[in-house]
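1. I need the structure of the sequence given here:
(one chain, ligands or ions: 1)
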Amino acid sequence: MRYISTRGDAPALDFEQVTLAGLASDGGLYLPETWPSLSTEEIAALRGASYVDTAVAVMAPFVEGTLSREDLRSLCEQAYGRFAHAAVTPLVQLDHQHWLLELFHGPTLAFKDVALQLLGLLFERFLAGSQHHVTVIGATSGDTGSAAIDALAGRAGVDIFMLHPKGRVSEVQRRQMTTVLAPNVHNLALENASFDDCQALVKAMFNDPHFSGTFALSAVNSINWARLMAQVVYYFYAAVRLGAPERPVAFAVPTGNFGDVFAGYVAAKMGLPVAKLIVATNVNDILHRALSAGDYSQGTVVPTPSPSMDIQVSSNFERLLFDLGGRDGHALAAQMQGFEASKAMRLTNAQAGGASALFASDRVDLDDMALAMRWASEDAGQVIDPHTAIGLAAARRAGLPADVPVVTLATAHPAKFGDAVERAIGMRPGLPARVGDLFDREERYATLPGTFEAVTAYIAERAVARA
Ligand SMILES: *Cc1c(COP(=O)(O)O)cnc(C)c1O
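-> Prediction:
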């Protein structure tokens, strides 16, 4: 399998190269050259399959030429063996039509673990025995940071620098990052910065020829293809349990960077019968405006109780626009440059039309988020986190036919956002025992101004230069 850039000018890469690179050298994102597909029989054969069996069947075409099925299986067994539930991503029924897909049974309590536990092992495997040293730079609104740090802490050949907006992540999220004291882990809290500011700094470092020439930079944000690939698996796993391939299933996805829901698009491209992908945003609604009115224009980020969705530039949306726009890299590069210059763009007719066939979207405000949390708790006995609640609110008012099962992706454990849950339902969820003494552990992080100069100077002093 070869991978090509959405902007048409970077070299095609194989799976190993695309995993280590993250962003393409022309500023684009990598995608498979063609979508592999699973036949109806192959999907039906996943009925009795374990999570790991499903993962191997879904991911094998994407790693072809780099990993054998046996190698892929052994990596998946290791990655998903660390999950606290035998189903890895269990389904929970809410009523006659609605289900939760619990994606938070990994070590850091959010769905990011599903992809990052595998990505950490892929990095280790690709770097083992080489002289190569990689500097991972990432931006986080909370969950990517902790999941990436857990996956990479102490691994040879890699340093990780994680930028977060100071004061804008929850205390559990911060502690999950800053209490990891492995010497290859570096946490940077940026003052007066939003997540988008942190992400823009990461992009600027990748695009700076001097900086990216000095260090072998790598990305673990959802711009990294391998992460999206790992997330495709649970769409198959859930849909098959609810009647696919005979019965189409809909998914409601609380969305920020469009990574998780793009994985659902990939599943549909591979042949999974998906009735609808409901893109749910909080009041930071650039994706809802783009999908409902063709208006992709950047607003100002408003901090909310669902911080992992407080985003106004949605990196992975570029992948969808590329695929829907006939995969014309140069046209997309021009469209994206227009957006970068004016902070606004219109979807083309082909993009808007293609998107409306599969996607619906909704914007959920604070009251409706709290109502969804209360409904889940009172009517279905489920305590859900604010991100999941945004997905569920959108799912319940999407108006899908009653015979279509609707699966809301439960992206975080409620205890990760205990304050917001307590405000909504009057009860504080307990932290699962597996995260242990998080509140007693020593924290370590640097506080820096959110400027390119300050951040690159800090990293340059501590990172290992290219050989
Ligand atoms: C990251 C995250 C999201 C948003 O996922 P994207 O892939 O960025 O759309 C939603 N909920 C939680 C809890 C998250 O950590």
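2. going forward, measure contacts and count neighbours with C-alpha atoms only.
-> Will do.
3. residues from the protein in reach of the ligand?
-> Contact residues (Cα under 6 Å from any ligand atom) of the chain with the ligand: 110, 143, 254-260, 308-309, 387, 411-412.
4. which residues does Gln131 contact?
-> If a contact means Cα atoms under 8 Å, 6 or more residues apart in numbering, then Gln131 has Ala467 as its contacts.
5. where's the closest residue to the ligand within the stretch 1-150 of the chain relative to Ala12, distance?
-> The minimum distance from the stretch 1-150 of the chain to the ligand, using Cα to the nearest ligand atom, falls at Asp143 (4.5 Å). Noted for Asp143: a distance of 30 Å to Ala12, by Cα to Cα, to the nearest Å.
6. quick one: the helices in the stretch 351-467 of the chain?
-> Taking DSSP state H, counting those that start in this stretch, the helices of the stretch 351-467 of the chain run over residues 366-380, 386-396, 418-425, 452-462.
7. now those in a markdown table, with distance to Leu277, mean neighbour count and mean pLDDT?
-> Output for those, formatted as a markdown table (distance: least, Cα to Cα, whole Å; neighbours: other Cα atoms under 10 Å; pLDDT from 0 to 100):
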| stretch | distance to Leu277 | mean neighbour count | mean pLDDT |
| --- | --- | --- | --- |
| helix 366-380 | 19 | 18 | 98 |
| helix 386-396 | 10 | 29 | 98 |
| helix 418-425 | 26 | 18 | 96 |
| helix 452-462 | 37 | 13 | 97 |
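8. out of these, which is closest to Gln199?
-> Among the helices of the stretch 351-467 of the chain, the nearest to Gln199 by Cα to Cα is helix 452-462 (11.5 Å).
9. who's in contact with that closest one?
-> Applying Cα under 8 Å, 6+ apart, the external contacts of helix 452-462 come out as Phe161, Leu201, Ala204, Met205, Phe211, Leu448, Pro449.
10. which residues does the first one contact?
-> Spelled out, that is Phe161. Neighbour list for Phe161: Thr135, Val136, Ile137, Gly138, Val185, His186, Asn187, Leu188, Ile459 [criterion: Cα under 8 Å, 6+ apart].
11. all helices for the stretch 1-150 of the chain, in order.
-> Using DSSP H, counting those that start in this stretch, helices in the stretch 1-150 of the chain cover 15-21, 40-44, 51-63, 69-81, 112-127, 143-152.
12. would you mind finding the most buried of these?
-> Ranked by mean neighbour count under mean count of other Cα atoms under 10 Å, the helices of the stretch 1-150 of the chain are led by helix 143-152, which reaches a mean of 26.
13. tilt between it and helix 69-81?
-> Angle, helix 143-152 to helix 69-81, by axes from the mean of the first three to the mean of the last three Cα atoms, to 10 degrees: 120 degrees.
14. what lies in contact with helix 143-152?
-> Contacts of helix 143-152 (Cα under 8 Å, 6+ apart): 107-108, 110, 112-113, 116-117, 119-121, 138-139, 158, 160, 162-164, 173-174, 176-177, 180, 185, 220-221, 308.
15. quick one: pLDDT of Gly299?
-> Here the pLDDT value assigned to Gly299 is 89.
16. quick one: neighbours of it, just the number.
-> Counted by other Cα atoms under 10 Å, the residues lying close to Gly299 total 14.
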